[in-house]
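S.K.: just a sequence and a predicted model for now, questions to come.
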Amino acid sequence: MDTTTAPTAVHAASDGGPAGRFRLESIDLLRGIIIVIMALDHVHDFFGVPGANPVDLATTTAPLFFTRWITHFCAPVFFLLTGTGAFLTLRRMTKPELSRFLVTRGLWLIVLEAVVMRFALQFNFDYQVTLLIVLWALGWAMIVLAGLIHLPAWALVAVGVAMVAGHNLLDGIAPAAFGALEPLWTVLHVPGFLVTGPHTVFVTYPLVPWLGVTALGYALGNVYAWDAGRRQAWLLRLGLGLVVGFVMLRLLNIYGDPFPWLVQRSPPWTLMSFLDTQKYPPSLLFLLMTLGPALLLLRAFDAGTPRVLRPALAFGKVPLFFYGLHFYLIHLLAVVVCYVGYGDVGGMFRSPDLGHFPFTAPPGWGLGLPWIYAIWIGVVLALYPLCCWYAGLKRRRRDWWLSYL
C-alpha cells in the first residue's frame with residue numbers, strides 16, 4: 001500500500017507523480033529489507049530437507065536455526081506496516097474511502113492466496129491441499145481494520161494491545177471445546193484443519209494476534225505527523241522498551257509463550273532456546289522479540305536511507321509484486337534442479353497431503369545452506385530489474401488497479 005505524507009512532517013522523497021505525492025523512505029526501506037529476508041525462508045522451503053524443522057533444537061544446527069530465526073521478523077513487520085500504511089493513506093482519502101479500499105483490497109488478497117499463490121506453491125489445480133497463509137491473514141486484517149479505524153484512537157489501541165498481549169491467555173482452549181463452532185476457533189486462534197477429506201484446507205495463520213498487530217500499526221502512523229526529533233525519540237524509546245520487555249518476560253518463563261526456554265548443553269544453545277518463541281500463532285514474546293527491533297530500524301532509517309541499502313527501496317515499493325513473482329521463480333528453479341538431478345519432475349506438481357506440501361520431493365532431496373543462500377541471492381538479483389520497472393510504472397501512472405498489486 002502506498003504511504004504518503006507531507007514532506008514537512010517526515011523525511012520523504014517525491015515519487016515523481018502528481019504534486020503532493022510522497023513516499024516514506026523509512027517505511028519502504030524496512031519493508032524492502034524484510035521482503036528480501038523473507039525470500040530466504042521460501043528458498044529454504046523449496047530446497048531444504050523436507051520435513052526438517054530448523055528450530056527443533058534436537059535436530060537443527062546453529063546456522064540453520066538462525067537462518068530461520070532471522071526470517072521470523074518478516075510477518076510481524078508486514079502486518080505492522082500494513083496498518084501504518086493505511087493510516088498514512090488518510091492523507092489522500094477520507095475514512096469512508098479508506099474503509100472501502102481496505103475491504104476490497106483485503107478480499108483481493110484472500111482471492112490471491114486461494115488461487116494465484118496456491119498455484120505458485122504447488123503448480124497444480126487439484127485443490128487436494130490448500131494452506132491459508134500470510135495473504136489470507138493480511139486480507140482479513142485489512143477487512144477488520146476497515147471497521148476499527150472508525151473507533152476513537154484510544155479504543156483502537158486498547159483492542160490492538162488486548163489482542164497482542166492477551167491472546168496467550170486462551171492457549172489452553174482447544175477448538176473442540178466450541179462444538180459446532182470449532183472451525184471458527186481454528187480461524188481465530190489455533191492453527192489446524194478447516195476442512196478435511198479429499199480436499200483439505202489448513203489454517204496456518206490464525207487471525208487474532210495478527211489483527212492486533214495491524215491495529216497497532218495503524219496507531220503507529222500518528223507519529224509521522226510529529227516533528228523528526230519527537231518521532232525519533234519515541235520510536236527509540238518504544239523499540240527499546242519492547243526489547244527489554246521481551247528479555248524480562250522471557251526470563252520469567254511464566255507468560256507470553258506456550259513453550260518455556262530451557263538451559264541447554266552450552267550457552268549458544270541456551271540462547272537458541274531463549275529465542276525459540278512460537279510463531280503459529282505468534283505469541284506475545286514472539287511479537288515483542290520481532291517488533292522491538294523493527295521499531296529501532298524505523299528510528300535508524302528515519303534520518304535517511306544509507307546508500308548501501310538504497311536498492312532495497314525498489315522491493316519495498318512493490319512488495320506484493322515481488323511476493324508473487326518470487327514464489328513462481330523459486331518453484332521453477334526447483335523443477336529445473338529436480339530435472340537435472342533426477343530426470344523426473346512429476347513430484348514437483350503433486351501435493352496430495354500436508355506432509356507433501358508444497359510438492360512431493362524425490363528421495364534425498366535437499367541442498368546445504370551455502371546452496372540455499374546462493375539461490376536466494378540469485379532470486380533477489382533476478383527480480384530486482386522487474387521490481388524497479390514496476391515501481392517506475394506505479395510512480396508514473398495512477399491506474400486504479402495498480403493499488404491492488
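M.R.: Looks like it arrived, so ask away.
S.K.: you'd agree residue 40 is in a helix?
M.R.: Yes. Counting by DSSP: H, G, I helix; E, B strand; the rest coil, residue 40 is part of a helix.
S.K.: need the pLDDT of residue 27.
M.R.: On pLDDT, residue 27 comes in at 97.
S.K.: tell me the SS of it?
M.R.: helix.
S.K.: now it: how far from residue 247?
M.R.: 27 Å (C-beta to C-beta, to the nearest Å). From N, CA and C alone the C-beta is placed, and that goes for glycine too.
S.K.: those two: which is more packed in?
M.R.: In terms of neighbours (other C-beta atoms under 10 Å), residue 27 is the more surrounded of residue 27 and residue 247; the figures are 27 against 14.
S.K.: who's sitting farthest from the centroid in this structure?
M.R.: In the chain, the residue that sits farthest from the middle, by C-alpha atoms, centre = their mean, is residue 343; the gap is 35.0 Å.
S.K.: quick one, strands of the chain?
M.R.: 12-14, 22-24, 129-132, 192-195, 200-203 (DSSP state E).
S.K.: minimum distance to residue 386: which of these has it?
M.R.: When the strands of the chain are compared by C-beta to C-beta, strand 22-24 sits nearest residue 386, at 19.0 Å.
S.K.: mean pLDDT and distance to residue 356 added to the strands of the chain, as JSON lines?
M.R.: Listed next are the strands of the chain as JSON lines, based on pLDDT from 0 to 100; distance: least, C-beta to C-beta, whole Å:
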{"stretch": "strand 12-14", "mean pLDDT": "44", "distance to residue 356": "46"}
{"stretch": "strand 22-24", "mean pLDDT": "72", "distance to residue 356": "42"}
{"stretch": "strand 129-132", "mean pLDDT": "97", "distance to residue 356": "8"}
{"stretch": "strand 192-195", "mean pLDDT": "94", "distance to residue 356": "16"}
{"stretch": "strand 200-203", "mean pLDDT": "97", "distance to residue 356": "12"}
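S.K.: tell me which of those lies nearest to residue 108.
M.R.: Between those, strand 129-132 lies closest to residue 108; by C-beta to C-beta that is 15.2 Å.
S.K.: pairing partners for that closest one, with directions?
M.R.: Counting by DSSP bridges, the strands paired with strand 129-132 are strand 200-203 (parallel).
S.K.: spatially central residue for this structure, please.
M.R.: Mean-position check on the chain, C-alpha atoms, centre = their mean. Result residue 75 at 2.1 Å.
S.K.: my read: that one touches residue 279, true?
M.R.: Yes. Between residue 75 and residue 279 there is a contact under C-beta atoms under 8 Å: 7.4 Å.
S.K.: tell me who's in contact with residue 48.
M.R.: Shown in contact with residue 48 (C-beta atoms under 8 Å, 6 or more residues apart in numbering): 54, 366, 367, 372.
S.K.: can I get those in CSV including pLDDT?
M.R.: What follows is the contacts of residue 48, written out as CSV (pLDDT from 0 to 100):
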residue, pLDDT
54, 96
366, 96
367, 96
372, 98
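S.K.: what remains of those residues if I keep only buried residues?
M.R.: 54, 367, 372 (16 or more other C-beta atoms under 10 Å).
S.K.: ok so, going back, and the residue nearest to the centre of the chain, what does it touch?
M.R.: 134, 205, 210, 279, 282.
S.K.: and if you look at residue 69?
M.R.: 55, 272, 275, 276.
S.K.: what's the first one sitting at in phi/psi?
M.R.: Phi and psi for residue 55, reported as degrees, to the nearest 10, are phi -110, psi 10.
S.K.: if we ignore the residues flanking it in sequence, what's nearest residue 135?
M.R.: If the residues on either side of it in the chain are set aside, residue 135 comes closest to residue 113, at 3.9 Å by C-beta to C-beta, 6 or more residues apart in numbering.
S.K.: count of neighbours near that neighbour?
M.R.: 22.
S.K.: could you do the one 10 residues further on as well?
M.R.: Using other C-beta under 10 Å, residue 123 is surrounded by 19 other residues.
S.K.: need the pLDDT of it.
M.R.: 97.
S.K.: thought it was touching residue 334?
M.R.: No. Using C-beta under 8 Å, residue 123 is not in contact with residue 334; the gap is 9.5 Å.
S.K.: quickly list what's touching both of those two.
M.R.: 348, 359.
S.K.: thinking again about what came up before, residues touching the residue nearest to residue 135, list them.
M.R.: Residue 113 touches 132, 133, 134, 135, 136, 139, counting by C-beta under 8 Å, 6+ apart.
S.K.: and those residues, which is closest to residue 321?
M.R.: Closest to residue 321, out of all of the contacts of residue 113 and judged by C-beta to C-beta, is residue 135, at 13.0 Å.
S.K.: the closest residue to residue 171 other than its chain neighbours: neighbouring residues, count only.
M.R.: Computed as C-beta to C-beta, 6+ apart, the closest residue to residue 171 that is not its neighbour in sequence is residue 258, at 5.3 Å. Residue 258: 12 surrounding residues under other C-beta under 10 Å.
S.K.: phi, psi of residue 258?
M.R.: phi -70, psi -20.
S.K.: quick revisit: now the contacts of residue 69 in CSV, with distance to residue 400?
M.R.: Output for the contacts of residue 69, formatted as CSV (distance: C-beta to C-beta, whole Å):
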residue, distance to residue 400
55, 42
272, 47
275, 43
276, 44
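S.K.: closest one of the residues you listed to residue 389?
M.R.: Using C-beta to C-beta, those come closest to residue 389 at residue 55, 36.8 Å.
S.K.: the closest one and residue 279: what is the separation?
M.R.: When residue 55 is compared with residue 279 (using C-beta to C-beta), they lie 9 Å apart.
S.K.: contact partners for residue 157?
M.R.: Contacts of residue 157 by C-beta under 8 Å, 6+ apart are 215, 216, 219.
S.K.: want to throw these into JSON lines with distance to residue 349 and neighbour count?
M.R.: As requested, the contacts of residue 157 are exported to JSON lines (distance: C-beta to C-beta, whole Å; neighbours: other C-beta atoms under 10 Å):
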{"residue": "215", "distance to residue 349": "40", "neighbour count": "30"}
{"residue": "216", "distance to residue 349": "41", "neighbour count": "22"}
{"residue": "219", "distance to residue 349": "44", "neighbour count": "19"}
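S.K.: among those residues, which one lies nearest to residue 308?
M.R.: Relative to residue 308, the closest of the contacts of residue 157 is residue 216; by C-beta to C-beta it sits at 30.2 Å.
S.K.: since that was my last question, I'll sign off now.
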